[in-house]
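Undergrad: How does the following fold in three dimensions:
(chains A and B)
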Amino acid sequence: MDWQGQKLVEQLMQILLVISGVVALVVGYATESFRTMMLIYAGGVVLTTLVTVPNWPFYNLHPLKWLDPSEAEKHPKPQVVPVASKKKFSKK
Amino acid sequence: MHSFGYRANALLTFAVTILAFICAIASFSDKFSNQTPSAQIQILNINWFQKQPHGNDEVSLTLNVTADLQSLFTWNTKQVFAFVAAEYETSKNALNQVSLWDAIIPEKEHAKFWIQISNKYRFIDQGHNLRGKDFNLTLHWHVMPKTGKMFADKIVMSGYQLPNAYR
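TA: The predicted structure is shown next:
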(Lines give C-alpha, C1' and ligand atoms only; values in the text may rest on other atoms or scores of the structure.)
Protein backbone atom coordinates (compact mmCIF):
# COMPACT_ATOMS: atom_id res chain seq x y z
CA MET A 1 0.00 0.00 0.00
CA ASP A 2 1.34 3.44 -0.82
CA TRP A 3 1.12 6.61 1.27
CA GLN A 4 -2.02 7.88 -0.42
CA GLY A 5 -3.58 4.47 0.04
CA GLN A 6 -2.77 4.43 3.73
CA LYS A 7 -4.34 7.84 4.25
CA LEU A 8 -7.43 6.71 2.35
CA VAL A 9 -7.65 3.54 4.42
CA GLU A 10 -7.50 5.45 7.68
CA GLN A 11 -10.22 7.86 6.65
CA LEU A 12 -12.44 5.14 5.23
CA MET A 13 -12.06 3.00 8.33
CA GLN A 14 -13.05 5.80 10.69
CA ILE A 15 -15.95 7.04 8.59
CA LEU A 16 -17.38 3.59 7.92
CA LEU A 17 -17.23 2.55 11.56
CA VAL A 18 -18.82 5.75 12.82
CA ILE A 19 -21.59 5.51 10.23
CA SER A 20 -22.21 1.85 11.18
CA GLY A 21 -22.50 2.91 14.78
CA VAL A 22 -24.91 5.76 14.11
CA VAL A 23 -27.13 3.74 11.76
CA ALA A 24 -27.18 0.83 14.21
CA LEU A 25 -28.19 3.12 17.07
CA VAL A 26 -30.93 4.90 15.14
CA VAL A 27 -32.48 1.76 13.64
CA GLY A 28 -32.24 -0.11 16.93
CA TYR A 29 -33.91 2.68 18.86
CA ALA A 30 -36.65 3.05 16.25
CA THR A 31 -37.44 -0.66 16.20
CA GLU A 32 -37.00 -0.97 19.99
CA SER A 33 -34.71 -3.91 19.38
CA PHE A 34 -31.30 -4.12 21.02
CA ARG A 35 -30.56 -7.21 18.96
CA THR A 36 -31.13 -5.32 15.70
CA MET A 37 -28.70 -2.63 16.78
CA MET A 38 -25.99 -5.18 17.56
CA LEU A 39 -26.54 -7.07 14.32
CA ILE A 40 -26.35 -3.95 12.18
CA TYR A 41 -23.19 -2.82 13.93
CA ALA A 42 -21.57 -6.25 13.55
CA GLY A 43 -22.44 -6.19 9.86
CA GLY A 44 -20.91 -2.74 9.56
CA VAL A 45 -17.68 -3.89 11.22
CA VAL A 46 -17.40 -6.89 8.88
CA LEU A 47 -18.01 -4.65 5.84
CA THR A 48 -15.36 -2.19 7.03
CA THR A 49 -12.91 -5.06 7.53
CA LEU A 50 -13.47 -6.28 3.98
CA VAL A 51 -13.00 -2.79 2.54
CA THR A 52 -9.99 -1.56 4.54
CA VAL A 53 -7.87 -4.46 5.76
CA PRO A 54 -6.92 -6.40 2.62
CA ASN A 55 -4.41 -4.78 0.28
CA TRP A 56 -6.74 -3.86 -2.59
CA PRO A 57 -5.18 -2.53 -5.83
CA PHE A 58 -6.98 0.81 -5.63
CA TYR A 59 -4.88 1.64 -2.60
CA ASN A 60 -1.75 1.43 -4.73
CA LEU A 61 -2.49 4.00 -7.43
CA HIS A 62 0.42 6.28 -6.48
CA PRO A 63 3.21 3.74 -6.05
CA LEU A 64 6.53 4.89 -4.66
CA LYS A 65 9.29 5.19 -7.21
CA TRP A 66 12.10 3.06 -5.88
CA LEU A 67 15.51 3.44 -7.55
CA ASP A 68 16.41 0.89 -10.24
CA PRO A 69 18.95 -1.64 -8.84
CA SER A 70 21.50 -0.81 -11.58
CA GLU A 71 21.14 2.95 -10.83
CA ALA A 72 21.72 2.25 -7.13
CA GLU A 73 24.97 0.41 -7.85
CA LYS A 74 26.37 3.53 -9.60
CA HIS A 75 25.97 5.52 -6.38
CA PRO A 76 27.35 3.28 -3.64
CA LYS A 77 26.68 4.02 0.02
CA PRO A 78 29.63 5.84 1.67
CA GLN A 79 31.82 3.47 3.74
CA VAL A 80 32.31 4.21 7.41
CA VAL A 81 36.09 4.38 8.11
CA PRO A 82 36.96 3.09 11.64
CA VAL A 83 38.63 5.99 13.53
CA ALA A 84 41.69 4.79 15.52
CA SER A 85 42.90 8.26 16.63
CA LYS A 86 40.35 8.77 19.37
CA LYS A 87 42.33 6.76 21.95
CA LYS A 88 45.44 8.97 21.52
CA PHE A 89 43.52 12.15 22.34
CA SER A 90 42.12 10.87 25.63
CA LYS A 91 45.56 9.84 26.97
CA LYS A 92 46.84 13.40 26.64
CA MET B 1 -1.42 1.57 8.05
CA HIS B 2 1.41 -0.08 6.28
CA SER B 3 0.66 -3.69 7.04
CA PHE B 4 -2.25 -6.08 7.35
CA GLY B 5 -1.70 -6.59 11.07
CA TYR B 6 -1.51 -2.85 11.72
CA ARG B 7 -4.78 -2.16 9.93
CA ALA B 8 -6.55 -5.10 11.57
CA ASN B 9 -5.46 -3.91 15.01
CA ALA B 10 -6.50 -0.32 14.35
CA LEU B 11 -9.90 -1.43 13.09
CA LEU B 12 -10.53 -3.71 16.03
CA THR B 13 -9.61 -1.07 18.58
CA PHE B 14 -11.72 1.63 16.99
CA ALA B 15 -14.66 -0.76 16.54
CA VAL B 16 -14.65 -1.67 20.22
CA THR B 17 -14.42 1.99 21.24
CA ILE B 18 -17.45 2.82 19.11
CA LEU B 19 -19.28 -0.17 20.58
CA ALA B 20 -18.70 1.26 24.05
CA PHE B 21 -20.14 4.60 22.89
CA ILE B 22 -23.19 2.91 21.39
CA CYS B 23 -23.89 1.04 24.61
CA ALA B 24 -23.50 4.20 26.69
CA ILE B 25 -25.99 6.05 24.48
CA ALA B 26 -28.40 3.12 24.57
CA SER B 27 -28.24 3.13 28.36
CA PHE B 28 -28.76 6.90 28.44
CA SER B 29 -31.87 6.58 26.28
CA ASP B 30 -33.60 4.88 29.20
CA LYS B 31 -33.97 8.28 30.83
CA PHE B 32 -36.56 9.24 28.27
CA SER B 33 -38.95 6.39 29.00
CA ASN B 34 -42.18 7.20 30.80
CA GLN B 35 -42.65 4.81 33.68
CA THR B 36 -46.02 4.29 35.33
CA PRO B 37 -46.04 1.03 37.24
CA SER B 38 -48.93 0.08 39.49
CA ALA B 39 -49.56 -2.60 42.07
CA GLN B 40 -52.01 -3.80 44.67
CA ILE B 41 -51.59 -6.39 47.39
CA GLN B 42 -54.38 -7.99 49.33
CA ILE B 43 -53.98 -10.28 52.31
CA LEU B 44 -56.56 -12.96 51.79
CA ASN B 45 -55.90 -14.96 54.90
CA ILE B 46 -53.62 -15.29 57.89
CA ASN B 47 -53.00 -19.01 57.80
CA TRP B 48 -51.31 -19.24 61.17
CA PHE B 49 -49.48 -17.06 63.66
CA GLN B 50 -47.28 -18.73 66.23
CA LYS B 51 -44.36 -18.25 68.55
CA GLN B 52 -41.64 -20.68 67.51
CA PRO B 53 -39.65 -22.79 69.99
CA HIS B 54 -36.63 -20.45 69.64
CA GLY B 55 -38.80 -17.52 70.81
CA ASN B 56 -39.42 -15.75 67.51
CA ASP B 57 -42.83 -15.02 66.06
CA GLU B 58 -43.75 -16.49 62.71
CA VAL B 59 -46.69 -15.72 60.42
CA SER B 60 -47.96 -17.48 57.36
CA LEU B 61 -50.06 -15.37 54.98
CA THR B 62 -51.89 -15.92 51.75
CA LEU B 63 -51.35 -12.93 49.48
CA ASN B 64 -53.00 -11.77 46.31
CA VAL B 65 -50.54 -9.66 44.30
CA THR B 66 -51.77 -7.72 41.29
CA ALA B 67 -49.26 -5.61 39.36
CA ASP B 68 -48.68 -3.92 36.03
CA LEU B 69 -44.95 -3.38 35.52
CA GLN B 70 -45.07 -3.27 31.73
CA SER B 71 -44.07 0.39 31.47
CA LEU B 72 -40.74 -0.39 33.16
CA PHE B 73 -39.55 -2.38 30.15
CA THR B 74 -37.51 -0.50 27.53
CA TRP B 75 -35.51 -1.78 24.55
CA ASN B 76 -32.53 -1.91 26.90
CA THR B 77 -34.18 -4.08 29.60
CA LYS B 78 -33.01 -7.61 30.17
CA GLN B 79 -35.33 -8.50 33.05
CA VAL B 80 -37.13 -7.03 36.02
CA PHE B 81 -36.70 -8.52 39.47
CA ALA B 82 -39.70 -7.84 41.72
CA PHE B 83 -40.19 -8.72 45.35
CA VAL B 84 -42.72 -8.07 48.12
CA ALA B 85 -41.38 -7.10 51.53
CA ALA B 86 -43.22 -6.64 54.80
CA GLU B 87 -41.94 -3.59 56.67
CA TYR B 88 -42.56 -2.70 60.27
CA GLU B 89 -40.98 -1.07 63.30
CA THR B 90 -40.05 -2.66 66.62
CA SER B 91 -38.44 -1.37 69.81
CA LYS B 92 -35.26 -3.23 68.87
CA ASN B 93 -35.04 -2.14 65.18
CA ALA B 94 -36.24 1.06 63.54
CA LEU B 95 -36.95 -0.80 60.32
CA ASN B 96 -37.54 -4.48 59.77
CA GLN B 97 -37.89 -5.72 56.19
CA VAL B 98 -38.84 -9.30 55.54
CA SER B 99 -39.01 -10.53 51.96
CA LEU B 100 -42.13 -12.60 51.41
CA TRP B 101 -42.15 -13.33 47.69
CA ASP B 102 -40.09 -12.57 44.60
CA ALA B 103 -40.11 -13.23 40.87
CA ILE B 104 -37.96 -12.63 37.82
CA ILE B 105 -39.92 -11.13 34.92
CA PRO B 106 -38.00 -11.75 31.68
CA GLU B 107 -40.37 -10.11 29.20
CA LYS B 108 -42.81 -7.26 28.94
CA GLU B 109 -45.70 -9.63 28.25
CA HIS B 110 -45.25 -11.29 31.64
CA ALA B 111 -45.10 -8.01 33.52
CA LYS B 112 -48.85 -7.58 33.96
CA PHE B 113 -49.84 -10.29 36.38
CA TRP B 114 -52.14 -11.49 39.13
CA ILE B 115 -50.94 -14.13 41.56
CA GLN B 116 -52.44 -15.69 44.62
CA ILE B 117 -49.86 -17.40 46.77
CA SER B 118 -48.82 -18.12 50.32
CA ASN B 119 -45.55 -16.45 51.27
CA LYS B 120 -42.61 -17.98 49.44
CA TYR B 121 -40.18 -17.04 52.21
CA ARG B 122 -40.90 -17.33 55.91
CA PHE B 123 -42.07 -14.27 57.78
CA ILE B 124 -40.11 -14.57 61.04
CA ASP B 125 -39.50 -11.74 63.47
CA GLN B 126 -36.40 -11.13 65.55
CA GLY B 127 -38.25 -11.56 68.81
CA HIS B 128 -41.94 -11.71 69.59
CA ASN B 129 -43.19 -8.29 68.58
CA LEU B 130 -45.71 -9.13 65.92
CA ARG B 131 -48.96 -9.31 67.86
CA GLY B 132 -51.19 -6.46 66.76
CA LYS B 133 -48.37 -5.03 64.66
CA ASP B 134 -49.12 -2.51 61.88
CA PHE B 135 -47.03 -3.14 58.80
CA ASN B 136 -46.55 -2.02 55.20
CA LEU B 137 -46.32 -4.31 52.24
CA THR B 138 -43.92 -2.86 49.69
CA LEU B 139 -43.44 -4.05 46.14
CA HIS B 140 -39.81 -3.40 45.18
CA TRP B 141 -38.44 -3.83 41.67
CA HIS B 142 -34.98 -3.80 40.13
CA VAL B 143 -34.82 -3.12 36.40
CA MET B 144 -31.75 -4.90 35.04
CA PRO B 145 -30.59 -3.43 31.73
CA LYS B 146 -28.78 -5.07 28.85
CA THR B 147 -26.10 -2.37 29.19
CA GLY B 148 -25.73 0.29 31.83
CA LYS B 149 -26.86 1.01 35.33
CA MET B 150 -29.51 -0.97 37.16
CA PHE B 151 -32.13 1.13 38.86
CA ALA B 152 -34.60 0.23 41.57
CA ASP B 153 -37.81 1.69 42.92
CA LYS B 154 -40.83 0.68 44.98
CA ILE B 155 -44.51 1.18 45.80
CA VAL B 156 -45.40 1.26 49.48
CA MET B 157 -48.83 0.00 50.51
CA SER B 158 -49.73 0.59 54.12
CA GLY B 159 -52.60 -0.24 56.38
CA TYR B 160 -52.05 -3.91 57.13
CA GLN B 161 -52.23 -5.30 60.64
CA LEU B 162 -51.50 -8.61 62.27
CA PRO B 163 -53.96 -10.08 64.78
CA ASN B 164 -53.55 -9.39 68.49
CA ALA B 165 -53.31 -13.04 69.53
CA TYR B 166 -51.58 -16.12 68.24
CA ARG B 167 -53.66 -18.55 66.15
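
Undergrad: And the helices in chain B?
TA: Remark: helices assigned in chain B by DSSP state H are B:4-28.

Undergrad: actually chain A, not the one I wrote
TA: Under DSSP H, chain A gives helices at A:3-31, A:34-52, A:69-74, A:86-91.

Undergrad: looking at the ones you listed, which is closest to B:Ser99?
TA: Closest of the helices of chain A to B:Ser99 is helix A:34-52, at 30.0 Å (criterion: Cβ to Cβ). All C-beta spots, glycine's among them, are computed from the backbone N, C-alpha and C.

Undergrad: Show me what the closest one is packed against.
TA: helix A:3-31, helix B:4-28 (3 or more Cβ pairs under 8 Å, 6 or more residues apart in numbering or on different chains; DSSP states H and E).

Undergrad: Identify the residues contacting the closest residue in space to B:Gln35 that isn't next to it in sequence.
TA: Once flanking residues are discounted, B:Gln35 sits nearest to B:Ser71: 5.0 Å by Cβ to Cβ, 6 or more residues apart in numbering or on different chains. Contacts for B:Ser71 were tallied using Cβ atoms under 8 Å, 6 or more residues apart in numbering or on different chains; they are B:33-37.

Undergrad: Same list, those, but as a markdown table with pLDDT and neighbour count please.
TA: Shown next, in a markdown table, are the contacts of B:Ser71 (pLDDT from 0 to 100; neighbours: other Cβ atoms under 10 Å in any protein chain shown):
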| residue | pLDDT | neighbour count |
| --- | --- | --- |
| B:Ser33 | 85 | 14 |
| B:Asn34 | 85 | 5 |
| B:Gln35 | 86 | 14 |
| B:Thr36 | 89 | 9 |
| B:Pro37 | 90 | 19 |
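
Undergrad: Going by distance to chain A, which of those wins?
TA: Distance to chain A across the contacts of B:Ser71 (Cβ to the nearest Cβ) is lowest for B:Ser33, with 10.5 Å.

Undergrad: ok, now how distant is the residue nearest to B:Gln35 from chain A?
TA: For B:Ser71, the distance to chain A equals 13 Å [Cβ to the nearest Cβ, to the nearest Å].

Undergrad: Tell me the spacing between that residue and B:Asn129.
TA: For B:Ser71, the distance to B:Asn129 equals 37 Å [Cβ to Cβ, to the nearest Å].

Undergrad: next one: A:Val83
TA: Taken as Cβ to Cβ, the span from A:Val83 to B:Asn129 is 98 Å.

Undergrad: So these two - more neighbours on which side?
TA: B:Asn129 (18 against 7; other Cβ atoms under 10 Å in any protein chain shown).

Undergrad: which residues touch residue 76?
TA: All of this refers to chain A. The contact partners of A:Pro76, taken as Cβ under 8 Å, 6+ apart, number zero.

Undergrad: meant chain B actually
TA: A:34, B:26-27, B:29-30, B:145-148.

Undergrad: Which residue in those residues has the weakest pLDDT?
TA: Least confident entry in those, by pLDDT: B:Asp30, with 86.

Undergrad: and it, how many neighbours does it have?
TA: By other Cβ under 10 Å, the residues close to B:Asp30 number 18.

Undergrad: Having no further points to raise, I will conclude here.
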